[in-house]
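Participant: pasting a predicted model and its sequence here:
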Amino acid sequence: MNLIALSFILAFALQAPATQKQNYPPVIVDSNDNRASAEREWRRLLDFYHIPQTPPDLYPLTYRLRSLLGVQGGIKIINLQPAANSTDIALLEGVKSFIDRWRDLIGADPSSISLVGVVASDGSKRITYRETLYSVPIVGGYGQLTIVLDAAGRLIQMDDRFIPLVDLPTQPAIDREVAARKLIGRSFSYRDISGATQQVKIGDRSDLTVKHLVVLPVEKGKGLEIHLAWEITAGKSLSWLVYVDAITGEELRSIQNFDT
């Protein structure tokens, strides 16, 4: 290999990470077009089910439904009466048909979601799906759809926390061990039962457990940043979930795992 070719390869190798970080993280920003589209689909849904028109209750930025605020009596989406004490296959098929029909409003289709569980309570059923558009789990309160049906098959509650698919790196630039060692020496504060502030210091690597890669949306300014992050448990008897950016190494968020 001649000197010119070697120089070119070295220059590309040095520039590639900088370019990757320069375009990272992708940001979901406010969009009048997205809002208008969501409002249009919501009006279509109400017309289809013969529901009086009412403004949609939408999350900012993603424009997914936060609730059925303003809808009286629910929306009859299942024609058969679901069994009160079983996970009725016909019920779930009916819900999937609803999701498929209104995929533009919900932000996903049946092929890109996975059933998390069905919980029955007082005749109603709470059905939860997770979004599978990304190759790793979505955390931070995003990436889930919750649908609640009453005993007659009426949709009485809906919380759509799905996020759009963005161009996100699939491989980390920061190794899991490098991410973990960034937390050695880190102190975490909490209030004990008396209200006094206490601290827990991460002494060495044995206090850290790197779990897996996740997608972590972070609200920042007027946008929603989408990060690829390492999820790490810091501490033992008293522990925190810490998210370290897998591209930049920045600590993004920490969550206390215990009550005081």
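Facilitator: Now that the structure is in, tell me what you want to look at. Everything numeric here is computed off the predicted structure, so don't read it as measured data.

Participant: got any ranges where the stretch 51-200 of the chain has weak pLDDT?
Facilitator: Counting by pLDDT under 70, the stretch 51-200 of the chain contains low-confidence ranges at 80-87.

Participant: which parts of it are strands?
Facilitator: Using DSSP state E, counting those that start in this stretch, the strands of the stretch 51-200 of the chain run over 57-58, 65-67, 75-76, 113-121, 124-131, 144-149, 154-160, 187-191, 197-201.

Participant: which residues touch the fourth one?
Facilitator: Spelled out, it's strand 113-121. The set of residues that contact strand 113-121 without belonging to it, under C-beta atoms under 8 Å, 6 or more residues apart in numbering, is 84-85, 87, 92, 99, 125-132, 144-145. (Glycine included, C-beta is placed from N, CA and C.)

Participant: filter those to the buried ones?
Facilitator: Burial of these was assessed by neighbour count (16 or more other C-beta atoms under 10 Å); the buried members are 92, 99, 125, 127-131, 144-145.

Participant: nearest to residue 77, of the residues you listed?
Facilitator: When those are compared for distance to residue 77 (C-beta to C-beta), residue 99 comes out closest, at 9.9 Å.

Participant: looking at the strands of the stretch 51-200 of the chain, which is closest to residue 252?
Facilitator: Evaluated over the strands of the stretch 51-200 of the chain, closeness to residue 252 peaks at strand 187-191, with 14.9 Å, by C-beta to C-beta.

Participant: sorry, back to before: tabulate the buried ones among the contacts of strand 113-121 (JSON lines), appending distance to residue 223.
Facilitator: Written out in JSON lines, the entries for these read as follows (distance: C-beta to C-beta, whole Å):
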{"residue": "92", "distance to residue 223": "35"}
{"residue": "99", "distance to residue 223": "27"}
{"residue": "125", "distance to residue 223": "35"}
{"residue": "127", "distance to residue 223": "31"}
{"residue": "128", "distance to residue 223": "27"}
{"residue": "129", "distance to residue 223": "25"}
{"residue": "130", "distance to residue 223": "23"}
{"residue": "131", "distance to residue 223": "19"}
{"residue": "144", "distance to residue 223": "21"}
{"residue": "145", "distance to residue 223": "22"}
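
Participant: okay, among those, which ones form the most distant pair?
Facilitator: 125 and 131 (20.3 Å).

Participant: if we can go back for a sec, so which of the strands of the stretch 51-200 of the chain gets nearest residue 242?
Facilitator: With respect to residue 242, and counting by C-beta to C-beta, the nearest of the strands of the stretch 51-200 of the chain is strand 187-191 at 8.6 Å.
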